[in-house]
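Colleague: everything below, folded, please.
(chains A and B)
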Amino acid sequence: MNSLIRRKLVENAYRLKLSHKGFCTGAAAKVSSSNGAQPSNDHVGQQKSSNKSEPHDIAIVGGGMVGMALACSLARMPMTKHLKVAIIDSNPALSNGLSIKKEDPPDARVSTVTPATISLFKDIGAWKYVEQHRHAYFDQMQVWDYTGLGYTRYDARDVHKEYLGCVVENKVLHSSLLSCMQDTDFQKTIYPSRLSSMALNPGILSMGMNSTSSGLNERGNLAKLDLSDGNSLYAKLVVGADGSKSRVRELAGFKTTGWKYSQNAIICTVEHHAENRCAWQRFLPTGPIALLPIGDNFSNIVWTMNPEEATDRKSMVEDDFVKAVNSALDYGFGPHPKSSNFGSGGIFSWFKTDTTICANECFKVPPKVMKLASERMVFPLSLMHANNYVSKHVVLIGDAAHTVHPLAGQGVNLGFGDAFSLSRIISEGIAVGTDISEVNLLKKYEAERKTANVTMMAILDGFQRAYSVDFGPLNVLRAAAFHGAQYIPPLKRSIISYASGDQRLPIFS
Amino acid sequence: MAGKLLKQLRPPPYTATASASLHRPRFLNFHNATRLFSDAPPPSGEPPPSIPPPQNPHSPSPSSLNQAELAKFAAIAGTWWDSEGPFKPLHAMNPTRLAFIRSTLCRHFRRDPLSARPFEGLKFLDVGCGGGILSEPLARMGASVTGVDAVDKNIKIARLHADLDPVTSSIEYHCTTAEKLVEEQRSFDAVFALEVIEHVANPAEFCKSLSALTVPDGASVISTINRSMRAYATAIVAAEYLLHWLPKGTHQWSSFLTPEELVLILERASISVQEMAGFAYNPLTGRWFISDDVSVNFIAYGTKIETVTL
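Modeller: Now for the predicted structure:
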């Protein structure tokens, strides 16, 4: 009873405030008469009061690649396409649409998309939008290190596939997902703002038997999100897809485990004379350097090193940087590994059952970099994993739940895996009439993704540590690992399958 | 132990009527069947284990309620929606039984199985709805649901919880019994009695009431636990005494029905069982799944056939 009186007083005070501002009293009356409307601290949102009082089913905080993948997937599945979704992201490109021109030089921010992710995209019909823009399939990969003791060359034909992966610019992935979603009549509302605070209402057990007004009850099972521009919205489920510094994760109180790597990554686009269809990665004493084809004679460089070197190399003159890159890929830091010829694989030669053609198996030198085609960007690297992905009304996907080292190009693929898995679980829940904010349902998503993510993170972290130590016996061990992967076909196939996302566990699948 | 079990069993009136021998399913084994339901009243020398007094003093008709059973549920009513509480196994099993219901009823009513709300426009009745664990998902699937339960506390909890979501706030909850609804001559497109029949005093009468509440060509879905050795080991010993999933004494093994018996009493109530499935539990994943194994939990879907007077 007291709360009713209190609310009426606030509403009256509110109405007075509004009339001072000169707003039309019609809108004010609509707000105060709408059943159980919580007095929110916004004035601008009055015109949108009809939108506001309609609670959304899902609020996706963060409209990046992974958030968009979730939205697009929900839009395309029959069981979820009727849901009302709100997307909260202050990026103006979401409302205005991204226009990508063919002549634009490639952006330095790219992602390697694994075959598993490509097939998920194809399932929702989004891959054809990606193929309309620049993208580069690669069917070969060479990994070696500075000691020159060993190398591994992977070929898609080892696993009877046509490609090992595809390198696509992030803005292309993002706009493809956006276009794919806009081609449906999905009910989405884009809020160009940031999340400032969130209230997750407790469940029924804390409410007394004598309820006050039906309006309060109707909001009883919803989460309330307050945005920085003053709007508020209600949603059954809040999805945190807002990146490694996730606000949703912070507000929901999820604890994380992780550490910073004492490494930064420089990324930039470079140009060659000819097309490159192979992905190259060389482990140097301070960190790996990767050269990924991006299409049209361009390639993307991801060079990990310690922070001082990173600032040096970022501010270096362009020509010097190009020289440094070529040296890092070629003879810098150490010799080339010796290629295998027939019979010279040492003790492993009798493992090989099929005769290999030298052209594919021999060590090759990466193509020379001609010039820099974009500016250099530096990012700090860290490992982070949220201890829980779900709680009532909240779920985390993508970088908000986990960040990894870029050395195997898995980061965004884990994120896409999360997004598609969550949308499938939501769809299955709706099929049997479950309330999508229920923790039991969300825990199914967590169980599925946590094991996959933690396994991958552990492996990548292991690699990062193994390759950051220059110690004689360890170098030989690494060389042995290279040789093993190169000359033992089942192991090579297993590695390729796992990295492509076709296999769930590295060994026992 | 076997002797104690046999003592718990009700006295079998071995008077098989003509209709039973006509409708003899191939798996029915008369030697094993210990409860054959005839229309003859039980022998007067042996009082039935539970005396069912009418819930409402105004209604003179016999009800299938069992006061001791009701008291058991009234005691834990507050924990219905606590998914870690005494009803945890029910919450875990719920999506699985809804999957069966969705699949069979979409076929029965010829609705699009890919629709998010396939039961739009249909009237469903949930008998023994408890806290509304089944009623709410059915309402979200589009049906107009009425939920009834004999325990008033359950209905209150159910109403409170359903009001939290605008979609489920349209569910009608009443504290009443199936028999009373029959008197009010209500009828529904589909009637559900999941995990109820093992708690009623007179299953045959209960099934007749359920049938009377279903429109001709409507559907009935009943789930219960099989009266088998395996069910004794799993649902009573393991669930109640070892794992403490359920409070001790929740189930009486003697009240369980075998699938054959359920089919028989449903036939007598003009419901023809079309499909039956079992629920199995995978302890590694902690999830339930539908299987052909009806030896512990099972669910049956039947259609109301037109009663032909001979």
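Colleague: which parts of chain B sit against chain A?
Modeller: Residues of chain B lying close to chain A (C-beta under 8 Å from any C-beta of the partner chain) are B:78, B:81-83, B:91-92, B:94-95, B:98-99, B:102, B:114-116, B:136-141, B:156, B:160-161, B:163-166, B:169. Every C-beta, even on glycine, is put in place using the N, C-alpha and C of the backbone.
Colleague: give me the PyMOL select line for these, limited to the buried ones.
Modeller: Of the residues of chain B next to chain A, the buried ones go into a single PyMOL selection, burial set by 16 or more other C-beta atoms under 10 Å in any protein chain shown:
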select buried, chain B and resi 81+82+83+91+92+94+95+98+99+102+115+116+136+137+138+139+140+141+160+161+163+164+165
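Colleague: what is the neighbour count of the closest residue to chain B within the stretch 51-200 of chain A?
Modeller: Residue nearest to chain B within the stretch 51-200 of chain A: residue A:78 (4.4 Å; C-beta to the nearest C-beta). Residues near residue A:78, counting by other C-beta atoms under 10 Å in any protein chain shown, number 13.
Colleague: burial of residue A:449, as a residue count?
Modeller: By the criterion of other C-beta under 10 Å, residue A:449 has 23 neighbours.
Colleague: can you tell me the SS state at it?
Modeller: helix (DSSP: H, G, I helix; E, B strand; the rest coil).
Colleague: shaky segments in chain A?
Modeller: A:1-53, A:98, A:201-220, A:340-360, A:507-509 (pLDDT under 70).
Colleague: tell me the domain ranges of it?
Modeller: A:42-102+A:175-257+A:385-455, A:115-168+A:258-381+A:466-508 (automatic domain parsing).
Colleague: and those domains as JSON lines, adding distance to residue B:303?
Modeller: Below are the domains of chain A laid out as JSON lines (distance: least, C-beta to C-beta, whole Å):
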{"stretch": "domain A:42-102+A:175-257+A:385-455", "distance to residue B:303": "22"}
{"stretch": "domain A:115-168+A:258-381+A:466-508", "distance to residue B:303": "37"}
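Colleague: for residue B:244, find the nearest of those.
Modeller: In terms of C-beta to C-beta, the element of those nearest to residue B:244 is domain A:42-102+A:175-257+A:385-455, at 19.3 Å.
Colleague: quick one: the closest one to chain centroid distance?
Modeller: Counting by C-alpha atoms, centre = their mean, to the nearest Å, domain A:42-102+A:175-257+A:385-455 is centred 14 Å from the centre of its parent chain.
Colleague: one more: stretch A:378-394?
Modeller: 11 Å.
Colleague: same question for stretch B:195-205.
Modeller: 7 Å.
Colleague: let's see that stretch as PDB, backbone CA atoms only.
Modeller: Only the C-alpha atoms of stretch B:195-205 are listed here, as PDB (Å, rounded to 0.1, in the frame of the first residue of the first chain):
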ATOM      1  CA  GLU B 195       2.400 -37.800 -12.500                       C
ATOM      2  CA  VAL B 196      -1.100 -37.800 -10.900                       C
ATOM      3  CA  ILE B 197      -2.700 -41.100 -11.400                       C
ATOM      4  CA  GLU B 198      -0.300 -42.800  -9.000                       C
ATOM      5  CA  HIS B 199      -1.600 -40.600  -6.200                       C
ATOM      6  CA  VAL B 200      -5.300 -41.100  -6.700                       C
ATOM      7  CA  ALA B 201      -7.400 -43.700  -4.800                       C
ATOM      8  CA  ASN B 202      -9.400 -45.000  -7.700                       C
ATOM      9  CA  PRO B 203      -7.500 -44.800 -11.000                       C
ATOM     10  CA  ALA B 204     -10.400 -46.300 -13.000                       C
ATOM     11  CA  GLU B 205     -12.900 -43.600 -11.900                       C
END
